[in-house]
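Undergrad: Turn this into a structure:
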Amino acid sequence: MSLTRRQAGAAALAAVPFALAATGTARAAGRRTRTVYLAGDSTAARKTADEAPETGWGMALPFFLHPSVAVANHAVNGRSSKSFLDEGRLDPILAAIGSRDVLLVQFGHNDEKAEDPSRYTEPWTTYQDCLRRYLDGARERGARPVLATPVERRRFDAAGNADPTHGEYPAAMRALAGAEGVPLLDVQALSLALWQELGPERTKAYFDWTATEQDNTHFSPTGAIAVARLVARELLRTGVLAPGEVRRLDEEVPASWITWPDPAV
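TA: Predicted coordinates for the structure are as follows:
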């Protein structure tokens with residue numbers, strides 16, 4: 001993923017609170033029982049108005065969670081499991097996370113960039129080593145770590161079949177989750193199946209396809225909502241969240257609900 005426009009947008013958010021508006025509402029009402037902290041890359045990150053209509057799926061996740069469950073979205077454009085750690089971005093999460101909270105970790109897109117040593121990890125060694133640091137940090141604070149395989153890009157072969165793009169990274173994460181006994185949200189497999197169901201043309205509406213850009217990695221509001229729904233369903237399926245902590249899993253969520261904050265906010 002690019003480190004130009006998207007990284008600039010992320011930098012503007014680095015010094016501000018990462019919890020979305022739903023977080024403040026729940027806290028103000030005294031109803032918050034837990035927070036889902038999200039560590040990830042640009043596919044999940046909060047976008048600003050200058051990046052619209054690009055939308056991270058983390059922006060849509062609160063629509064599928066009960067107001068008692070807050071979302072603190074620390075995902076940042078262009079980061080890998082390694083660079084997120086090297087930049088100290090896990091530290092504020094671990095400073096804030098509590099015993100009833102969840103640390104949801106999704107990396108892979110930028111770990112694949114072998115040409116960039118600051119981000120590259122090897123699936124079965126350094127990728128797993130980095131992910132263990134997230135797991136260990138959450139456990140040391142009594143929080144629950146959760147791994148999510150990287151959401152799939154939009155790529156189809158000549159026959160119109162959705163093509164996986166993440167190589168060995170999803171398998172390496174699945175294996176780590178099994179070995180460490182942590183919940184796994186298989187977003188890669190689920191999103192690939194969704195793109196297959198929708199097909200090459202319909203999926204364009206789910207990605208950041210505009211008059212000036214044809215982006216097969218980042219999402220439109222429609223795509224972000226669809227992926228956030230997959231994540232919420234997986235949080236329920238794996239028992240990370242209880243039935244009363246999710247909502248709207250089978251209801252329409254309009255794209256108009258997505259809003260993009262000003263870059264200065």
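
Undergrad: how about the strands of this protein, start to end?
TA: Taking DSSP state E to define them, one finds strands in the chain at 34-40, 69-73, 102-106, 144-148, 184-185, 207-209, 214-219.

Undergrad: Please name every helix or strand in contact with the third one.
TA: The one in question is strand 102-106. strand 34-40, helix 128-140, strand 144-148 (3 or more CB pairs under 8 Å, 6 or more residues apart in numbering; DSSP states H and E). All C-beta spots, glycine's among them, are computed from the backbone N, C-alpha and C.

Undergrad: Please apply the same query to the second one.
TA: Other elements packing on strand 69-73 under the criterion 3+ CB pairs under 8 Å, 6+ apart are helix 21-28, strand 34-40, helix 57-60.

Undergrad: If you compare the directions of that strand and strand 34-40, what angle comes out?
TA: 20 degrees (axes from the mean of the first three to the mean of the last three CA atoms, to 10 degrees).

Undergrad: Using CSV, write out every CA atom in strand 69-73.
TA: Extracted in CSV, the C-alpha atoms of strand 69-73 (Å, rounded to 0.1, in the frame of the first residue of the first chain):
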residue,chain,number,x,y,z
VAL,A,69,-18.6,-2.1,23.5
ALA,A,70,-16.3,0.7,22.4
VAL,A,71,-13.9,0.6,19.4
ALA,A,72,-10.4,2.2,19.7
ASN,A,73,-9.1,2.1,16.2
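
Undergrad: helices and strands of this protein: which one has the lowest mean pLDDT?
TA: helix 21-28 (a mean of 36; mean pLDDT, DSSP states H and E).

Undergrad: tell me the contacts of the residue most central in space within the chain?
TA: Using CA atoms, centre = their mean, the residue of the chain that lies closest to the mean C-alpha position is A44, 3.5 Å off. Contact partners of A44, counting by CB atoms under 8 Å, 6 or more residues apart in numbering, are L38, G56, W57, G58, N73, A75, Q106.

Undergrad: Out of these, which comes closest to G88?
TA: Closest approach to G88 among those (CB to CB): A75, at 15.2 Å.

Undergrad: With E122 as the reference, measure out to the residue nearest to the centre of the chain.
TA: 23 Å (CB to CB, to the nearest Å).
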